[in-house]
Every structure is written in structure tokens, then in C-alpha cells.
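**Student:** Here's a sequence, model it:
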Amino acid sequence: MKLTVFHRSYRFRQPFRTSGWSMESREVLLLHIASADGAHTGWGECAPLPAFGTETLAEAEQIVSDASAVLAACRVSPHECTEDLDAALPGLARSPAARFALESALLDLEARSRGMSVADFLGGQHRSSIPVNAVIGGGPPGEAARLATEAVREGFRCLKMKVGGGDLEHDLDRLRAVRSSVDPSVSLRLDANGAWDFGEAEEALRAFIPYDVEYIEQPVAAEAVDELAALTGMNILPIAADEAAHSPESVRVLLERRAAHVLVIKPMAMGGLRLARECVLLAREYGVDVVFTSLIDSSVGRHAVAQLCASLPDPLRPQGLATGRLFAEDSGRDVIVDGTFALPTETGLGMTPVLEGA
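**Tutor:** This is a model prediction of the structure:
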């Protein structure tokens, strides 16, 4: 198999900000793997985000370069090549974004060669679309209300808003503005990105009770699992672990500790679609739901995660894959209608990236 790498930079419509950092564009590697005879190809995306604990772009480039020789010598079916890569490249386990991209491209290649979607190849439920939430960011009250109104008008029934970037009163003003601008049946999720210490988190959770919050992501730092478990046990509001759920090992710890009501998992940071899918099945044994989100990936990465979501058993909460709205430039186009991500009817990932003009 032959591996080709395309380095692309995609601008956001406006700087993407979260508590502690911001970025104006997304640097990604698009991986193209062709079968030995050139008859079939697959695509994957590597979008590292060191602020979330992944490798750097330079580290990803190196491991992807090392993978090229392994793929050239691989004589098993494409989806089995991931095991060869893991065995030959010890550093791949420490490069989750690169591993995600390589596995995605190999699964895309395998599924295309079989005339099926990646979702069908992964097995399980078959879906033509998946529900998704809209992101309304961390702007001032008026802007948050406007974005919420626009999202609901477009058919979204679930909104996600950043909190913790300022003082609590500012967040409460924004919550009031959003809740007063949309129907009470619209779900509202909050994401603090670990902004608070335990006392601040408890205060915020109690203050948010009147606003019918579906759950709040990562109210305390990712490494503060004891505090996360304590907040979960208090049952003030449903707690979701996001940054804390960064690996299969961390997911198992969170589940065993009963440290969250919901897990929010980014397959790009987890290291692959199949590892992420295993986490869902494990979480279901504990009665814990999983929501998948992008790592602010471009369209190739989002389509890979959408295929994973399409394979999952019911029930399926809205997933965090409507982030294409953030991009002024992108590797492709998502079809989102009435708050659902429409799965393409083509085989594999269902899409081929647009490389021109990036």
C-alpha cells in the first residue's frame, strides 16, 4: 500500500476560543492510502491538539512518515494493518491523532473495497443520519441568544455553550439569555473545560439548577478525578467527563470510580474509531452514555466519527459533530438538516476531500 500525506490549514470564521487557549486556523494532515494495485483508496485525517493531550503536529508528521514503510510491506487486509503498525511503531500509542488518521484511512480503504460503508463494516446499528448539537460558543449574552435562536431555526434541538471563561454572574446572564430565547424543550449542554476548582464548580452547579441543563462537561481539571467523582456523587446536575476521558485506560478508571454520568469522547484524541467504539460498549455495561465529538477536525475527521456514531446501538444522544459551522475553509462539506448529520450513501467514509485552494 502507498501512503501520501497532504498538509492543509483551514481557517475558522472567527477565532475558536475556549477557557485557556484559542486558535484562528486548524493545521491538519490528510492521509491518502492506496491499495497495491491502485484499485481502491482510503482517506484519514490527523488533527493533533496538544492542548487536549495529543502529540504535536511535528510528532504526528514523524510517526506518519515512519508508517509509510510499514504500510508498503503490509500483506494482510487493510483493516488488519493497524495491528502491524502498532507492533512496528511503539510511538504510535503516544500519537493518538496519527493513529486515528491511519486507522480511518485503512478502514475507509477496506470498506470501499467491499462496497460498504465504514459504519456497516464496524457492525451494529445501521443509520442514515445521526442527531447533533449546535455549538453557540462563549460570547456575551446577546450573541449567545442570537446564535441559539439561529440554531433552533435551522432545526437543532440541542445546544452546547461554553462556560467558565469569566465570572459566574456573566455565565448566568448568558444562560438566562439563551433560555429565554428558545423553547424550553431545547436541550442545553454546558462545557467548562476544567475551568473551576472544586468549590467554584459546586457553586456554579447549584447556580445552574434553574436552567434545565442536560449535563455540564468537565467542571474541574481532567486530572482531578476524585473531585469529579465527588461532584457526580452529589447529583446536583449531571456531570460529563470530557478531557478526563482521553484514553481507554482513563475511561475504565472513570467508570469504575463512577466519576461521571456521561462520557464525552473525542476519537481523534482516543487513538481510533475501534478503540472509541469499545469504550461505548464498556460504558453501556455501567449504564453510562457516551457522546462523541470532533477535536475541531475538518470534514474528513468528522465523517469518520459520523460513521462510528452510525454503528452505535440505541439510544443515541445528539453528538458533537456540527463543528463544520466554525470553518471558513474545510476539507469537505457536511450535510446537516434539521439538527441531524446526514450520512452519505457512498461507500467507505462516504466522502473524498477537496484539496484545491487550501
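
**Student:** biggest strand in the protein, by residue count?
**Tutor:** Longest strand of the chain, by residue count under DSSP state E: strand 2-18.

**Student:** Glu154 touches Gly339, doesn't it?
**Tutor:** Yes: between Glu154 and Gly339 there is a contact under CB atoms under 8 Å: 7.3 Å. For every residue, glycine as well, the C-beta is placed using N, CA and C.

**Student:** Now the common contact residues for the two.
**Tutor:** When CB atoms under 8 Å, 6 or more residues apart in numbering defines a contact, the residues bordering Glu154 and Gly339 alike are Ala134.

**Student:** For these two, indicate the residue with more neighbours.
**Tutor:** Neighbour count, other CB atoms under 10 Å: between Glu154 and Gly339, Gly339 has more, with 21 against 14.

**Student:** so what's Ile236 closest to, chain neighbours aside?
**Tutor:** By the measure of CB to CB, 6 or more residues apart in numbering, the closest residue to Ile236 outside its immediate chain neighbours is Leu205, 4.2 Å from it.

**Student:** Just the element for the one you found, please.
**Tutor:** If you go by DSSP states H and E, Leu205 is part of helix 198-208.

**Student:** and that helix, how far out from the chain's middle?
**Tutor:** Computed by CA atoms, centre = their mean, to the nearest Å, the chain-centroid distance of helix 198-208 equals 26 Å.

**Student:** Which elements pack onto that helix?
**Tutor:** If contacts are counted by 3 or more CB pairs under 8 Å, 6 or more residues apart in numbering; DSSP states H and E, helix 198-208 sits against helix 168-181, strand 213-217, helix 225-234.

**Student:** Reformat these as CSV; add mean pLDDT.
**Tutor:** Below are the helices and strands packed on helix 198-208 laid out as CSV (pLDDT from 0 to 100):
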stretch, mean pLDDT
helix 168-181, 96
strand 213-217, 98
helix 225-234, 98
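
**Student:** Could you look over those and pick the most buried one?
**Tutor:** strand 213-217 (a mean of 23; mean count of other CB atoms under 10 Å).

**Student:** Name the strands paired with it and say parallel or antiparallel.
**Tutor:** strand 187-191 (parallel), strand 239-241 (parallel) (DSSP bridges).

**Student:** Only the buried residues of the shortest one, if you could.
**Tutor:** Neighbour counts using 16 or more other CB atoms under 10 Å place Ile239, Ala240, Ala241 of strand 239-241 among the buried residues.

**Student:** what is the rounded mean pLDDT of whichever helix or strand comes after that strand?
**Tutor:** Tracing the chain C-terminally past strand 239-241 and defining elements by DSSP H and E, one meets helix 248-256 next. Throughout helix 248-256, pLDDT has a mean value of 95.

**Student:** picking up where we left off before, other residues contacting the longest strand of the chain?
**Tutor:** 22-34, 36, 61, 64-65, 67-68, 71-72, 137-138, 162, 165, 191, 193, 296, 298, 325-331, 355, 358.
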